[in-house]
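K.L.:
take this sequence and fold it.
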Amino acid sequence: MTEASPERLERRVLVLAPVGKDSSLVQTMLKRDAVECFACADVDSLARELARGAAALLVAEEALPSNGQLAALVQAQPPWSDLPVLILTRPGADSAAAARAMRTLGNVTLLERPVRVAALSSAVRSALRARERQYQTRAHVTEREEADRRKDEFLATLAHELRNPLAPIRNSLDLLRVSGATPSPQVWDMMDRQVHQMVRLVDDLMEVSRITRGTIELRREAIALADVITAAIETSRPLIEAARHELTVVLPPEPLVVHADAMRLAQVFANLLNNAVKYTDPGGRITIAARRENGAVTVSISDTGIGIAADALPRVFDMFVQANARDSRAQTGLGIGLTLVRSLVEMHGGSVSAHSAGAGRGSEFVVHLPLGDGRETHRTRGALVPGKVAGVPRVMVVDDNADAAESLAALLHILGADVHVSHDGRGALEALPSFRPAAIFLDLGLPGMDGYEIARHIRARAEAGKTLLVALTGWGQERDRRRTEAAGFDRHLVKPADLSALQAVLASLNAESSTN
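P.N.:
As a prediction, the model looks like this:
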């Protein structure tokens with residue numbers, strides 16, 4: 001006998017009527033309506049069949065267990081389920097068993113015997129229709145979880161792919177810094193801030209759900225508002241200049257200090273500036289102004305752009321809403337920028353509002369933030385001083401991305417290491433006996449033999465037993481770290497690796513043993 005399909009099992013009516021001829025009579029009556037029934041000898045049999053699938057239960061009053069076993073089965077159903085239970089009662093007054101069933105079984109219909117065929121058919125069909133709607137709800141929920149899973153996988157992959165080009169950028173920037181190149185500290189700080197911001201934004205792609213739930217961790221400190229606004233303008237300036245806009249900046253003479261996450265607050269103002277650029281025709285005017293107001297800080301970003309219709313103003317901060325959906329410029333974004341602005345501002349204990357006199361009359365976004373006490377403000381860090389390690393430790397870099405490998409090798413070399421570069425696993429293993437590195441920076445996504453397999457080969461060799469294995473990868477979630485640890489890696493660095501992390505690896509090496 002072939003096994004019934006899951007769809008067929010889920011459309012059965014399970015009958016528990018062990019007394020008399022109720023079970024056979026019910027099946028005969030429902031057979032005319034093409035309703036499939038399955039007779040269960042006891043509650044244990046019912047539990048087994050319910051686990052396989054059922055649309056409804058039809059239970060004789062005499063078969064109702066008094067120990068709560070049936071109620072436990074119903075309550076154990078998944079959240080989307082509201083399993084219909086039809087009870088064939090004795091004629092006459094309601095019994096204690098029927099009353100208990102009404103209280104504990106949820107979706108209950110009482111059918112007094114002798115039940116008419118039409119009444120039974122109507123009740124069963126109603127139960128089956130209700131169950132079908134529940135199955136549709138389940139399908140919708142399953143599709144939406146599945147959608148979240150695909151979204152998370154996509155974001156994880158996107159973050160990984162974005163980290164790969166960031167690695168040579170970071171390596172090159174650090175290489176220029178520690179080599180004593182001549183650009184001013186201001187230029188170093190600007191470049192460093194932008195790379196840091198790109199890295200942190202890429203990191204957020206891994207857990208985008210934290211943004212919608214408002215659970216981003218803020219790194220608060222006392223900061224000068226003027227520095228944050230300057231950083232935001234720096235981010236948006238290429239767009240402003242490309243559109244030939246006139247930018248006016250109005251700051252008060254006295255310093256305004258806020259207790260905030262500098263990068264996140266700069267993201268707020270940069271998003272608002274970018275929004276103004278996007279919806280203002282070339283050659284327009286944009287103004288960003290800050291002032292002290294009633295013991296708080298107010299920052300306004302206004303423009304001479306296309307404006308916002310009155311009926312759209314209340315919805316501009318909602319997720320995926322494009323206030324000017326018919327404008328071609330609205331098709332270049334996802335409609336989440338202003339939602340993030342509101343979330344980040346509210347996380348700082350502030351508020352943001354939108355204003356416009358109407359279509360063609362420009363827009364203004366106003367951010368209110370609590371004023372800090374001003375006792376201590378954040379200072380941007382100066383140029384890093386290269387910290388070379390003692391001796392000349394041998395280090396191997398294995399990465400199929402030539403730019404990432406060569407830039408990292410150059411940086412490690414200037415930090416004092418003797419570096420060998422390989423672009424695949426086979427080449428790395430062939431060079432291992434003669435080069436005998438003290439540490440190996442190993443990419444995971446290599447062609448052919450991946451980083452995990454290479455790590456296992458290295459750990460199997462006696463001459464590499466004490467070699468420090470460092471996973472250098474774009475994958476940075478906790479499960480990725482557990483996997484590299486299980487494969488024999490000593491450390492897990494996410495691309496682009498921070499200079500201090502590289503220095504820490506080199507400092508941990510025994511330079512004397514690596515040169516033997």
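
K.L.:
give me the distance between the two termini of stretch 67-80.
P.N.:
Counting by CA to CA, to the nearest Å, the length from the leading to the trailing residue of stretch 67-80 is 25 Å.

K.L.:
against Gly350, how distant is Ile233?
P.N.:
With the distance defined as CB to CB, to the nearest Å, Ile233 ends up 20 Å from Gly350. Bear in mind the C-beta positions are built from the backbone N, C-alpha and C, glycine included.

K.L.:
please disregard the earlier target; I meant Asp399.
P.N.:
In terms of CB to CB, Asp399 sits 43 Å off from Gly350.

K.L.:
more neighbours: which of those two?
P.N.:
When neighbours are counted by other CB atoms under 10 Å, Asp399 and Gly350 differ, and Asp399 comes out ahead with 30 against 21.

K.L.:
could you check how far the more buried one is from Ala97?
P.N.:
From Asp399 across to Ala97, the span is 72 Å (CB to CB).

K.L.:
show me how this protein divides into domains.
P.N.:
For the chain, automatic domain parsing gives the domain ranges 9-115, 218-370, 394-514.

K.L.:
can you redo those domains as JSON lines with mean pLDDT?
P.N.:
Output for the domains of the chain, formatted as JSON lines (pLDDT from 0 to 100):
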{"stretch": "domain 9-115", "mean pLDDT": "86"}
{"stretch": "domain 218-370", "mean pLDDT": "86"}
{"stretch": "domain 394-514", "mean pLDDT": "88"}
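
K.L.:
and these: which comes nearest Asn171?
P.N.:
domain 394-514 (3.6 Å; CB to CB).

K.L.:
tell me where the stretch 401-516 of the chain has helices.
P.N.:
For the stretch 401-516 of the chain, the helices defined by DSSP state H, counting those that start in this stretch occupy 402-414, 425-435, 451-459, 478-486, 499-507, 511-514.

K.L.:
what of the stretch 101-250 of the chain?
P.N.:
Applying DSSP H, counting those that start in this stretch to the stretch 101-250 of the chain gives helices spanning 117-178, 185-205, 209-213, 225-242.

K.L.:
need the least confident one among these, by mean pLDDT.
P.N.:
Of all the helices of the stretch 101-250 of the chain, the minimum mean pLDDT falls on helix 209-213 (a mean of 57).

K.L.:
before we move on, the earlier item: and the helices of the stretch 401-516 of the chain, which is most packed in?
P.N.:
Mean neighbour counts were compared across those using mean count of other CB atoms under 10 Å; the top stretch is helix 402-414, at a mean of 20.

K.L.:
now Tyr135, nearest residue through space, not along the chain?
P.N.:
Taking CB to CB, 6 or more residues apart in numbering, and ignoring the residues beside it in sequence, Tyr135 has Glu10 as its nearest neighbour in space, at 6.9 Å.

K.L.:
got the contact list for that neighbour?
P.N.:
When contacts are counted by CB atoms under 8 Å, 6 or more residues apart in numbering, Glu10 touches 53-55, 135.

K.L.:
and those, which two are the farthest apart?
P.N.:
Taking every pair in those and measuring CB to CB, the maximum separation is 11.6 Å, between Ala54 and Tyr135.

K.L.:
more neighbours: these two, which one.
P.N.:
Relative neighbour count places Ala54 above the other of Ala54 and Tyr135, with 20 against 15, counting by other CB under 10 Å.

K.L.:
now do the contacts for the nearest residue to that one once chain neighbours are set aside.
P.N.:
Distances taken as CB to CB, 6+ apart place Leu14 nearest to Ala54, at 4.7 Å, with adjacent residues excluded. When contacts are counted by CB under 8 Å, 6+ apart, Leu14 is found next to 37-38, 40, 46, 49-50, 54, 56-58.

K.L.:
kindly reformat those residues as a markdown table containing secondary structure and distance to Asp490.
P.N.:
Below are the contacts of Leu14 laid out as a markdown table (DSSP: H, G, I helix; E, B strand; the rest coil; distance: CB to CB, whole Å):
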| residue | secondary structure | distance to Asp490 |
| --- | --- | --- |
| Cys37 | strand | 63 |
| Phe38 | strand | 58 |
| Cys40 | coil | 58 |
| Leu46 | helix | 56 |
| Glu49 | helix | 53 |
| Leu50 | helix | 51 |
| Ala54 | coil | 54 |
| Ala56 | strand | 59 |
| Leu57 | strand | 58 |
| Leu58 | strand | 63 |
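
K.L.:
quick one: which of the residues you listed has the most company?
P.N.:
Neighbour max across the contacts of Leu14 (other CB under 10 Å) = Leu58, 29 neighbours.

K.L.:
tell me the bridge partners for that residue.
P.N.:
Val15, Leu86 (DSSP bridges).

K.L.:
what about Thr298, which SS state?
P.N.:
strand (DSSP: H, G, I helix; E, B strand; the rest coil).

K.L.:
measure the residue nearest to Ala54 to Leu58 for me?
P.N.:
The gap separating Leu14 from Leu58 is 7 Å, by CB to CB.

K.L.:
overlap in contacts of the two?
P.N.:
In the contact map built from CB under 8 Å, 6+ apart, the residues linked to both Leu14 and Leu58 are Cys37.

K.L.:
show me where the stretch 201-350 of the chain has strands.
P.N.:
Chain-ordered strands for the stretch 201-350 of the chain, with DSSP state E, counting those that start in this stretch as the definition, fall at 221-224, 246-250, 257-260, 285-293, 296-303.

K.L.:
may I see these organised as CSV, with distance to Ser179 and mean neighbour count added?
P.N.:
Compiled in CSV, these are given as follows (distance: least, CB to CB, whole Å; neighbours: other CB atoms under 10 Å):
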stretch, distance to Ser179, mean neighbour count
strand 221-224, 30, 18
strand 246-250, 35, 12
strand 257-260, 34, 23
strand 285-293, 37, 17
strand 296-303, 39, 21
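
K.L.:
any idea which of those strands gets closest to Thr104?
P.N.:
strand 257-260 (53.4 Å).

K.L.:
centre of the chain to stretch 230-249, how far?
P.N.:
For stretch 230-249, the distance from its own C-alpha centre to the chain's C-alpha centre is 30 Å (CA atoms, centre = their mean, to the nearest Å).

K.L.:
what of stretch 471-484?
P.N.:
Average the C-alpha atoms of stretch 471-484, do the same for its chain, and the two points are 16 Å apart (CA atoms, centre = their mean).
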